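pasting the sequence and the predicted coordinates here, then a few questions.
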2 protein chains.
Amino acid sequence: MTVPSGRRERKKAATRQKIADTALRLFLERGYDAVGIREVAAEADVAVTTLFSHFASKEALVFEQDEDFEQRLTQAVTDRAPHEPLIPALRNEIQALVRHCTADSAAPIWRMIDESPALRRYEESVRLRHAEALATAIAADPELSRTATASRTIARFVIDAYSLAREAAEPEAAVDEIFWMIEAAWEATRPSRRT
Amino acid sequence: MTVPSGRRERKKAATRQKIADTALRLFLERGYDAVGIREVAAEADVAVTTLFSHFASKEALVFEQDEDFEQRLTQAVTDRAPHEPLIPALRNEIQALVRHCTADSAAPIWRMIDESPALRRYEESVRLRHAEALATAIAADPELSRTATASRTIARFVIDAYSLAREAAEPEAAVDEIFWMIEAAWEATRPSRRT
DNA sequence: GTTCGAAAAGCTAACTGTTAGTGTTACGGT
DNA sequence: ACCGTAACACTAACAGTTAGCTTTTCGAAC
């Protein structure tokens, strides 16, 4: 393999970034639905087929960095200090992500997403992927020996918390309120429950 | 208005049903992706535009009766006997729905759905709608005075239960396990919590 | 029974996201 | 210097969806 590092990768990354930047700019200027793929490609000075070799769909142009999101979540589980409880760690991470998404600078993007059914639906499917990745991380932690169903369930609940809090009137308070519920649900799955 | 009851409504319903039946038959025979809209319309002997005046999208053809689902859920909340607790009522309803979906007769349909990313994503968005309807029903019940966030959260959790259980190895046991968690989360939102 | 408004269905022709097929260029490793 | 291949380009098409407009079919008021 010899690590293909070099000009090639840089150029590829630059092309990808240029496409994403151009797309986001056009979408924000004139609306997601009002801008076609052919137009984005022309403005970014690439062929339509090139655009689709970097992004699987038009919606994916908007959620360009969703993999960072996923990684931060799973790392919140795997990078915990020994014996550090799971739920508070996830709460802190979700709190940070919610703050990031509800910041003023991100407002136009989320308004655009909320206004387009296609983008909303795409985001839902992205969330499901994240929930599955999180479930895998939780199930893999030997300190927390829970059933597969319990792991998947808590992962869903945590992703729900993110989604619900983002739409709430007071996002940060909503995170706390929902995590209070999640904490209770998690405690109910303790394997050493007796009587 | 004088209630436009009569032949007109019957014919419209018949056309809709014929389209849905034809579509489902073709999809099951040859695969969802392998059958085009124009083909469904031709086989049902209607124009493509007529098809789209009855169904908003190709995917909607498969989830023809999702409104029944939504109604059963909200009725499980609104039609409870006085003082009947919420969560067990919802658990029974979800249990029934899961049994219905995992029955052998429904297996081919769900296999088709699982195999098509487009259908999976569409189902996710349908679930979100159901969760919102359920949240509204819960928030409207004067016996359960919870915050808007708590209502929405529990509604999401309940829909998650349905979705997770359907995919689990033992669906009915999974419903019970997840509802044990939901019960705990719900108890944590009691408004009269003291100390 | 005739007539009239409106709902339902139809047809044509497009537009838009997406992909297959096929070259062409520019790197990276040898 | 050479070769393999990854990145990009071009054309043309397919599939879902919609706009615009005409025709048919009821329902009801006259």
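Perfect, I can see it now.

contact residues of chain A facing chain B?
For chain A, the residues in contact with chain B under the definition CB under 8 Å from any CB of the partner chain are A:120-122, A:124-125, A:128, A:147, A:149-150, A:152-154, A:156-157, A:160-161, A:163-164, A:168, A:174, A:177-178, A:180-189. C-beta here means a position set from N, CA and C on the backbone, and glycine is covered the same way.

list the residue ranges of chain A that fall below the pLDDT cut-off.
Across chain A, the ranges flagged by pLDDT under 70 are A:1-5, A:193-195.

which stretches of it form helices?
Across chain A, reading from the start of the chain, the helices by DSSP state H fall at A:7-30, A:37-44, A:48-54, A:66-78, A:86-101, A:107-115, A:117-140, A:148-167, A:171-187.

any idea of the angle the fifth one forms with helix A:148-167?
Translated: helix A:86-101. What separates the directions of helix A:86-101 and helix A:148-167 is an angle of 30 degrees, with axes from the mean of the first three to the mean of the last three CA atoms, to 10 degrees.

picking up where we left off before, redo the helices of chain A as a markdown table? Include mean neighbour count.
Conversion of the helices of chain A to a markdown table gives the following (neighbours: other CB atoms under 10 Å in any protein chain shown):
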| stretch | mean neighbour count |
| --- | --- |
| helix A:7-30 | 15 |
| helix A:37-44 | 16 |
| helix A:48-54 | 15 |
| helix A:66-78 | 16 |
| helix A:86-101 | 17 |
| helix A:107-115 | 14 |
| helix A:117-140 | 18 |
| helix A:148-167 | 23 |
| helix A:171-187 | 20 |
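
quick one, which of those is nearest to B:Leu134?
Counting by CB to CB, B:Leu134 lies closest to helix A:148-167 out of the helices of chain A; the figure is 13.1 Å.

quick revisit: pipe the helices of chain A into CSV and attach distance to B:Asn92 per row.
Below are these laid out as CSV (distance: least, CB to CB, whole Å):
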stretch, distance to B:Asn92
helix A:7-30, 46
helix A:37-44, 48
helix A:48-54, 47
helix A:66-78, 33
helix A:86-101, 29
helix A:107-115, 35
helix A:117-140, 26
helix A:148-167, 19
helix A:171-187, 19
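
of all those, which one comes closest to B:Ile87?
If you check each of the helices of chain A against B:Ile87 by CB to CB, helix A:171-187 wins as the nearest, at 11.8 Å.

list the helices and strands the closest one packs on?
For helix A:171-187, the elements it packs on are helix A:86-101, helix A:148-167, helix B:148-167, helix B:171-187, judged by 3 or more CB pairs under 8 Å, 6 or more residues apart in numbering or on different chains; DSSP states H and E.

which one of these lies closest to B:Ala96?
Of all the helices and strands packed on helix A:171-187, it is helix B:171-187 that lies closest to B:Ala96, at 9.8 Å by CB to CB.

just the CA atoms of the closest one, as PDB, please.
Listed next in PDB are the C-alpha coordinates belonging to helix B:171-187 (Å, rounded to 0.1, in the frame of the first residue of the first chain):
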ATOM      1  CA  PRO B 171     -40.100  -9.400  18.700                       C
ATOM      2  CA  GLU B 172     -42.600  -9.900  21.500                       C
ATOM      3  CA  ALA B 173     -40.000 -10.300  24.200                       C
ATOM      4  CA  ALA B 174     -38.300  -7.200  22.900                       C
ATOM      5  CA  VAL B 175     -41.400  -5.200  23.200                       C
ATOM      6  CA  ASP B 176     -41.600  -6.200  26.900                       C
ATOM      7  CA  GLU B 177     -38.000  -5.400  27.500                       C
ATOM      8  CA  ILE B 178     -38.100  -2.000  25.900                       C
ATOM      9  CA  PHE B 179     -41.400  -1.100  27.600                       C
ATOM     10  CA  TRP B 180     -39.800  -1.900  30.900                       C
ATOM     11  CA  MET B 181     -37.300   0.900  30.100                       C
ATOM     12  CA  ILE B 182     -40.000   3.200  28.900                       C
ATOM     13  CA  GLU B 183     -42.000   2.700  32.000                       C
ATOM     14  CA  ALA B 184     -39.000   3.800  34.100                       C
ATOM     15  CA  ALA B 185     -38.400   6.800  31.800                       C
ATOM     16  CA  TRP B 186     -42.100   7.800  32.200                       C
ATOM     17  CA  GLU B 187     -42.100   7.500  35.900                       C
END
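
show residues contacting that helix.
Residues external to helix B:171-187 that are found in contact with it (CB atoms under 8 Å, 6 or more residues apart in numbering or on different chains): A:147, A:149-150, A:153-154, A:157, A:181-182, A:184-189, B:86-87, B:90-91, B:94-95, B:98-99, B:102, B:153-154, B:157-158, B:160-161, B:164-165, B:168.

mind redoing it with 6 Å?
The contact list for helix B:171-187 (CB atoms under 6 Å, 6 or more residues apart in numbering or on different chains) reads A:149, A:153, A:181, A:184-185, A:188, B:87, B:91, B:94-95, B:98, B:102, B:154, B:157, B:161, B:165, B:168.

repeat for stretch A:146-159
Contacts made with stretch A:146-159 from outside it, assessed by CB under 6 Å, 6+ apart, are listed as A:90, A:127, A:130-131, A:134-135, A:138-139, A:182, A:186, A:189, B:160, B:164, B:168, B:174, B:177-178, B:181.

repeat for stretch A:59-68
So stretch A:59-68 is contacted by A:Ala20, A:Ala23, A:Phe55, A:Leu119, A:Tyr122, A:Val126 (CB under 6 Å, 6+ apart).
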